[in-house]
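Colleague: build me a model:
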Amino acid sequence: MRVIVSDYPGTEHAEGVRQAIIYGYNGTDDKVKYPDVDVSSEVVVMSGAFQDIVNYAKSDPNIVAIARSTSGIRYFVEPAKLVYPRVQSFVPMGSNVYTEVFIFTDPQPPIIVTCGCGDDEIRNNTAWGNGLEFWDTDWCWIGGADASSFANGWVCGKIWRIYDELKKIYGNSATWWWARWLAREYAHRIEPNRPTDERGEKVKWCKENGYGRIAVDWSLAHAHLTPPADPYLPLVELGQIGKVTGTPLGAVKIKLQSVTNAIQYNILRNGNVIKQIKAGEILEYTDVLTSYGTYYYSYYAIGSTEQTIESSKIRVTYNKGNHPSVIYLKEEPVKDVT
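Modeller: Just a heads-up that it's a prediction; the model follows:
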């Protein structure tokens, strides 16, 4: 299992989204270069709230994507950060009616990949507005009105295929952002209602259609291009640092949580870097305290082009006791140390 459909198992809706992901994954034109792949066993429907699915994905390193085809995307953004960049989330804008929605204030899409749907219209024909990224078809369905639930599956499957093909070439250097950036840059933008710029050329992004409809082959034809820094990585909350233990003689052992694609970890004490650990080394450090007082520990991870934000902090108080001196640990996150 690699992709979770967050839905009710056994329902027509859940199976429709699942099938759309499989179709999208095999939505290539050049079947010689990119033949169809049976990924049916890798896409599984799981029940539960989005937060529950995120928690499961945190514990299973095989999971790479979550598709949630319901409304309520504004409530899924924060949980999605907990598993990014290893796991990419996909959620439609939330309405199957062609109407402007005002979910996001920023024109750019959130950390979640968003979408709308359109078939014969050759454009997005469902919810539109700030934050819209792509639109696609709902061809897995049996007719009726445009359904962004199933377009969400197509979008998920297409970017997943780009991601997997990048992995074949570049290994662990390939990321979801790389695949997502290629999908944006080389999407089809043929919608009749896409605005044009001062030169008369269609703009790359618009709130009616996002970046357009993903073209998998055309995206992969440019796989040699390196994307800019991931704009979503700084949004990722690491959570508190890993297990902290203390000894009566003034030593604190810190165990870090690993971060996907990190090449180095910087440990901070009271805001100053006290230790740098390379990826592949043991992610723990023992800090010997030489004076009594209160200390705040945190860390951040560095990637090849970007670094995460600083983790939440853990407070450690080193007090003079009777026999011997003792350390008191405050292991819940401390957000504000002022």
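
Colleague: tell me where this protein has helices.
Modeller: Ranges of helices in the chain, per DSSP state H, are 12-25, 50-59, 77-81, 148-170, 176-185, 216-220.

Colleague: deepest-packed of these, please.
Modeller: helix 148-170 (a mean of 24; mean count of other Cβ atoms under 10 Å). Quick note: C-beta positions are derived from backbone N, CA and C, even for glycine.

Colleague: can you check what angle separates it from helix 176-185?
Modeller: Counting by axes from the mean of the first three to the mean of the last three Cα atoms, to 10 degrees, helix 148-170 lies at 120 degrees to helix 176-185.

Colleague: report the angle between helix 148-170 and helix 12-25.
Modeller: Calculated by the same axes, to 10 degrees, helix 148-170 forms an angle of 40 degrees with helix 12-25.

Colleague: and the gap between the closest residue to residue 95 other than its chain neighbours and residue 16?
Modeller: Distances taken as Cβ to Cβ, 6 or more residues apart in numbering put residue 127 closest to residue 95, at 3.8 Å, once the chain neighbours are dropped. Residue 127 sits 18 Å away from residue 16, taking Cβ to Cβ, to the nearest Å as the criterion.

Colleague: again, but for residue 125
Modeller: Residue 125 is 18 Å from residue 16, by Cβ to Cβ.

Colleague: and for residue 269?
Modeller: Relative to residue 16, residue 269 is positioned 52 Å away (Cβ to Cβ).

Colleague: just residue 230 next, same as before
Modeller: Residue 230 is 31 Å from residue 16, by Cβ to Cβ.

Colleague: if we can go back for a sec, residues near the residue nearest to residue 95, how many?
Modeller: As a burial measure, residue 127 scores 25 neighbours (other Cβ atoms under 10 Å).

Colleague: before we move on, back to that, and of the helices of the chain, who's closest to residue 318?
Modeller: Evaluated over the helices of the chain, closeness to residue 318 peaks at helix 50-59, with 32.2 Å, by Cβ to Cβ.

Colleague: ok, residues contacting that closest one?
Modeller: 4, 6, 46, 48, 63, 66, 68, 75-76, 79-80, 82-83, 87 (Cβ atoms under 8 Å, 6 or more residues apart in numbering).

Colleague: give me the phi and psi for residue 198.
Modeller: phi -70, psi -20 (degrees, to the nearest 10).

Colleague: how about the one 5 residues further on?
Modeller: As for residue 203, its main-chain torsions (degrees, to the nearest 10) stand at phi -70, psi 160.

Colleague: please tell me I have it right and it contacts residue 209.
Modeller: No - using Cβ atoms under 8 Å, residue 203 is not in contact with residue 209; the gap is 9.7 Å.
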